[in-house]
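# Next comes the sequence, and after it the predicted model I'd like to discuss.
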Amino acid sequence: MNILVITTYDITPEQWADFANTAVLEKRHPDAKTVIPYILVYSHSQKHHTHETERISATITTEFSPGKDFSAAAWEEIKHAHYSLYKQEPITTHPDFFCILDKQAADDRRVIIMEKGCEWVNAEGKKYQPLPGDGEPTTTIWKRHRVPFEEADETCCLLAWQGLGGYEPYLEEVTKESYYDY
C-alpha cells in the first residue's frame, strides 16, 4: 500500500529527495531496486496520486495551510484530503495512517505520521472490546507521531501490522472525536 505524504510547505526537489530516499527500508539485496512507498500530496484535488513519487523536478507549491500547531481548520483540511484521496484509490492507499511534512520537518528531519484508530465505549462511558455484531465504534482516535526520516518506513510498516504494541517513543499527541468511517 502507498502512503500519502501531505506537505504543508512549498517543498523543493532536494527536500523531497532527502525524505523519500531516507525514509525507506534498507534494501534486502544489493541488486534490489529501492521502492519509495510515498505519494506526495500538495493539492486538495490532486489527480496523480496512484503511483509513488520517486522525485520531483521543481519546487512544489502546496495548497495546504502551513503551521505546526495544527489549528482546527488546518487539521480538518488535511483529514478531508486524506479521506478524499483514499476514497478515490482505496486499493492502493492506506486508510489508517498518512504522513505530513511541515516546515519543522525540513529543519529537524522528522515526519509526522498520523495514525487512525477507534474504540467502543458503552453508555456508562467505559471502553470495551467489541464482539461480532456490536456495530460501529463510538470514537475515532488520532495519534500523532513525529518520527525521524530514517525510521519512518519501519514505523509505517509496524502500524500497518497492527500497531506499535504500546511502544510509542515518538508519540506527540492523542485526540479523540466522534467516530466516522471511510
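Alright, I've got the coordinates.

# Just the CA coordinates for stretch 33-43, please, in CSV.
C-alpha atoms of stretch 33-43 as CSV (Å, rounded to 0.1, in the frame of the first residue of the first chain):
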residue,chain,number,x,y,z
LYS,A,33,15.5,-1.6,-6.6
THR,A,34,14.7,0.8,-3.8
VAL,A,35,11.0,1.2,-3.6
ILE,A,36,9.7,4.6,-2.3
PRO,A,37,6.2,3.9,-0.9
TYR,A,38,5.2,7.5,-0.7
ILE,A,39,2.9,9.7,-2.7
LEU,A,40,3.5,13.5,-2.3
VAL,A,41,0.2,15.3,-1.9
TYR,A,42,0.1,19.1,-2.3
SER,A,43,-3.4,19.8,-3.6
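
# Figure out the helix or strand that the residue nearest the centre of the chain lives in.
By Cα atoms, centre = their mean, the chain has its centre lying nearest to Phe98, at 1.3 Å. Remark: Phe98 resides in strand 97-101, with elements defined by DSSP states H and E.

# Quickly run through the sheet partners of that strand, with directions.
Strand pairing for strand 97-101, determined by DSSP bridges: strand 3-7 (parallel), strand 110-121 (antiparallel).

# Out of these, which one sits most buried?
strand 3-7 (a mean of 24; mean count of other Cβ atoms under 10 Å). Placement of C-beta: from N, CA and C, glycine included.

# Now do the helix or strand just after it, average pLDDT.
Toward the C-terminal end, the helix or strand that comes next after strand 3-7 (DSSP H and E) is helix 13-22. Averaged over helix 13-22, pLDDT sits at 95.

# how far does the following helix or strand past helix 13-22 sit from the chain's center?
For helix 13-22, the succeeding helix or strand toward the C-terminus, using DSSP H and E, is strand 38-41. A distance of 10 Å separates the centroid of the chain from that of strand 38-41, by Cα atoms, centre = their mean, to the nearest Å.

# Tell me which other helices or strands strand 38-41 touches.
Applying 3 or more Cβ pairs under 8 Å, 6 or more residues apart in numbering; DSSP states H and E, one finds that strand 38-41 contacts strand 3-7, helix 13-22.

# got those as TSV, with distance to Glu77 columns?
As requested, those are exported to TSV (distance: least, Cβ to Cβ, whole Å):
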stretch	distance to Glu77
strand 3-7	9
helix 13-22	21
